[in-house]
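[1] Kindly return the folded structure for what I paste below:
(one chain, ligands or ions: 1)
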Amino acid sequence: MHHLAVFASGTGTNFVAIAQACQQGVIHADVAIMVCDKPGAPVIERAREFGIPTLVFNPKDYPSKMAYETEIVQALDQKQIDLICLAGYMRILGPTLLHAYENKIINIHPSLLPAFKGAHAVEDAVAYGVKVFGITIHWVNDQLDGGKIIAQRAFPYEGSDPAEVHLIGQKIEHQLYVETIQKILCEP
Ligand code: GAR
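    Numbering: from 1, shown residues only. Modelled structure (predicted):
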């Protein structure tokens, strides 16, 4: 049995999709821990509903990124985590986590990378007049939304409403993330 860690900062719809897929056996793993850097984020309640242990912290309570990432690494080691899935975790990882879990961290981003990095990818793409949007899953390095691409899925949209793009993209994200995680776990 593989063990996943999901990192999230917000609503947690991707977290729910992954947790459900594990429960239903679509992903052959369990979510052993959900890590959240925003006390009060809705994803924490979602994790409780699934009975998944959480590590919730406020970065401001620590003297450095190294300090809280050391605590995270200890918790992940205890759970023998095979793969870390960032799912709306709005924080750049530091060397403590990146070195401890090298080649074991993936992220999902709501654009066709390397276009439109950052926290407002969909809004930026709409403002630019983009007609083909998309979702990217990639390995994580020390750059914002950087790292080698694993999977991408594009969809056409000719309107100008970011909320609509988010809605279309969300459904694709959930499917693509579940498929990609299962594929990675199956790789020798
Ligand atoms: C997702 O759309 C994900 O692609 C995005 O945050 C959202 C989280 O939604 N991530 C990034 O923008 C990373 N740069 P969720 O909390 O409902 O899963």
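
[2] Ramachandran coordinates for the residue of the chain found nearest the ligand?
    Closest approach between the chain and the ligand, counting by C-beta to the nearest ligand atom: residue 88, at 2.5 Å. All C-beta spots, glycine's among them, are computed from the backbone N, C-alpha and C. Dihedral pair for residue 88: phi 80, psi 30, per degrees, to the nearest 10.

[3] shouldn't it be in contact with residue 8?
    Yes: under the criterion of C-beta atoms under 8 Å, residue 88 makes contact with residue 8 at 5.1 Å.

[4] Compare neighbour counts for these two and give me the winner.
    Neighbours were tallied for residue 88 and for residue 8 using other C-beta atoms under 10 Å; the higher tally belongs to residue 8 (29 against 23).

[5] which residues does the residue of the chain closest to the ligand contact?
    8-12, 14-15, 43, 108 (C-beta atoms under 8 Å, 6 or more residues apart in numbering).

[6] got a pLDDT number for the nearest residue to residue 81 once chain neighbours are set aside?
    Nearest residue to residue 81, sequence neighbours excluded (C-beta to C-beta, 6 or more residues apart in numbering): residue 5, at 4.6 Å. For residue 5, the pLDDT comes out at 99.
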